[in-house]
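Undergrad: Okay, here's the prediction I keep looking at, along with the sequence it came from:
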Amino acid sequence: MNLSSNLGKSTLLASAVFWGILGSKVLQITFMPFVLLSFIPIFICVASSVIVSICPIFWLTERESFNKKRIFKAYFPYYAIVVFGICVLAIIDNSFSILAIAFFSSAFISTCQSWVWFAKEEQP
């Protein structure tokens, strides 16, 4: 499992989604230093969510007879449903604030895409 590559791609994706949503409402040229500095907390959030919620599924269930594509087909639909529900509830709980929408949308999209990247990795 190429975790470092996946975390890097997920961080870039989450940053693009987060600032893309915020940029539609509140982004100004004076925010550019914050955009660059935001890579650090976004990386921490992405790393913790991927390592805590996705990696254990692959680490505990991967065998020769149960490869990454089968793990993806078996567990991803349930993961996506649960995470989508959690993100929607969190957005509703935060009164649809633009910051909550940006954060939870980027979290959902980047974790779902991480599943795809893990599933598409070549078998050794």
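TA: Happy to help now that I have it. Fair warning: this is a prediction, and the values are worked out from it, not measured in the lab.

Undergrad: And Ser38, how far from Lys69?
TA: Note on Ser38: its distance to Lys69, by C-beta to C-beta, to the nearest Å, is 34 Å. C-beta here means a position set from N, CA and C on the backbone, and glycine is covered the same way.

Undergrad: the more surrounded of those two?
TA: Ser38 (16 against 12; other C-beta atoms under 10 Å).

Undergrad: Contacts only, for the nearest residue to the more buried one once chain neighbours are set aside.
TA: Setting aside the residues directly before and after it, Ser38 is nearest to Ser15 in space (C-beta to C-beta, 6 or more residues apart in numbering), at 6.5 Å. Counting by C-beta atoms under 8 Å, 6 or more residues apart in numbering, Ser15 makes contact with Val35, Ser38, Phe39, Ile42, Ser106.

Undergrad: neighbours around the fourth one, how many?
TA: In this case it means Ile42. Neighbours around Ile42, by other C-beta under 10 Å: 23.
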